[in-house]
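In: Structure of the sequence below:
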Amino acid sequence: MEPGDRQKRKPTGAAVLQLELTEAIVDIALDELAAKGFGRFSMEAVAKRAGVGKSALYRRWPSKSALAVSALSQLSVPLAETPDTGSLRGDLRAVLAAVLSWLDDPRFGRILPDMVAEALRNEELAEALTANLGDPRREKGQALIDRAVARRELPEDVDRELMLDLLAAPIFWRLTVRRLPVAQDFLDSLVDMLIRALGAHEETPRQ
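Out: Numbering: from 1, shown residues only. Predicted coordinates:
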């Protein structure tokens with residue numbers, strides 16, 4: 001066996017079963033959060049639906065908050081990947097489409113407003129959501145900015161925090177607060193607005 005082969009092997013046997021069980025529990029937790037809200041969300045209900053004892057859950061997550069945050073993170077963080085399209089405009093359009101898919105997810109669209117409201121009353125939950133969902137997504141978003149700065153499409157002193165807010169806030173406001181659909185032409189217009197607001201320099205004119 002070559003060095004490192006052990007690390008490269010895919011999990012088998014009991015390890016696969018454990019992974020599949022964890023994934024099933026996470027999926028059930030998301031269903032429960034969407035259906036009942038965080039206030040009525042319980043480890044007991046998730047365990048019952050998963051066909052396991054509560055101890056199986058508590059070995060992985062110490063509390064219902066930990067399970068809820070973990071489930072949301074596993075759903076949300078991978079969707080924050082920022083594809084390199086070769087231009088700021090292309091990257092922005094791709095990221096906005098990904099944000100729309102994230103916020104418009106049938107379960108997440110119901111869970112997020114409830115969790116935001118709960119976090120206003122629960123500081124521990126708020127900190128966990130920031131550490132496990134908000135910050136990791138924003139860190140991935142930095143890659144888009146880094147590429148645009150390297151291509152000289154954005155100045156080095158661009159307000160990164162504000163730019164990252166602008167990538168999600170308009171879509172969240174329209175979907176969750178105004179309860180209006182987000183069409184593709186809305187995303188196109190939003191890209192145009194962001195390009196102007198950021199004072200970006202586009203190497204290739206828009207076709």
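In: what helix or strand is the residue most central in space within the chain on?
Out: What sits nearest the mean C-alpha location of the chain, by C-alpha atoms, centre = their mean, is Ser76, with 2.5 Å. Using DSSP states H and E, Ser76 maps to helix 64-76.
In: what comes into contact with that helix?
Out: Residues outside helix 64-76 that contact it (C-beta atoms under 8 Å, 6 or more residues apart in numbering): 25-26, 29-30, 33, 38, 41-43, 46, 57, 60-61, 102, 105, 107-108, 111, 115, 122, 124-125, 128-129, 132-133, 136-137. (Glycine included, C-beta is placed from N, CA and C.)
In: now do stretch 123-140
Out: Judged by C-beta under 8 Å, 6+ apart, the contacts made with stretch 123-140 from elsewhere in the structure are 38, 65-66, 69-70, 72-73, 76-77, 80-82, 115, 118-120, 164.
In: Can you show me the helices along the chain?
Out: Listed from the start of the chain, the chain has helices (DSSP state H) covering 5-8, 14-40, 43-50, 54-58, 64-76, 88-103, 108-121, 123-129, 135-150, 160-172, 184-197.
In: right, and these - which one's nearest Arg178?
Out: For the helices of the chain, the distance to Arg178 is smallest for helix 160-172, at 10.0 Å, taking C-beta to C-beta.
In: which regions of the protein sit below the pLDDT cut-off?
Out: Judged against pLDDT under 70, the low-scoring parts of the chain cover residues 1-17, 203-207.
In: Which positions within stretch 166-176 qualify as buried?
Out: For stretch 166-176, the buried set under the neighbour-count rule, 16 or more other C-beta atoms under 10 Å, comprises Leu166, Leu167, Ala168, Pro170, Ile171, Phe172, Arg174, Leu175, Thr176.
In: what would these look like in CSV with distance to Gln18?
Out: Shown next, in CSV, are the buried residues of stretch 166-176 (distance: C-beta to C-beta, whole Å):
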residue, distance to Gln18
Leu166, 41
Leu167, 36
Ala168, 34
Pro170, 41
Ile171, 36
Phe172, 35
Arg174, 41
Leu175, 36
Thr176, 36
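In: List just the nearest of the residues you listed to Asp185.
Out: Using C-beta to C-beta, Arg174 is the member of those that sits closest to Asp185, with 12.8 Å.
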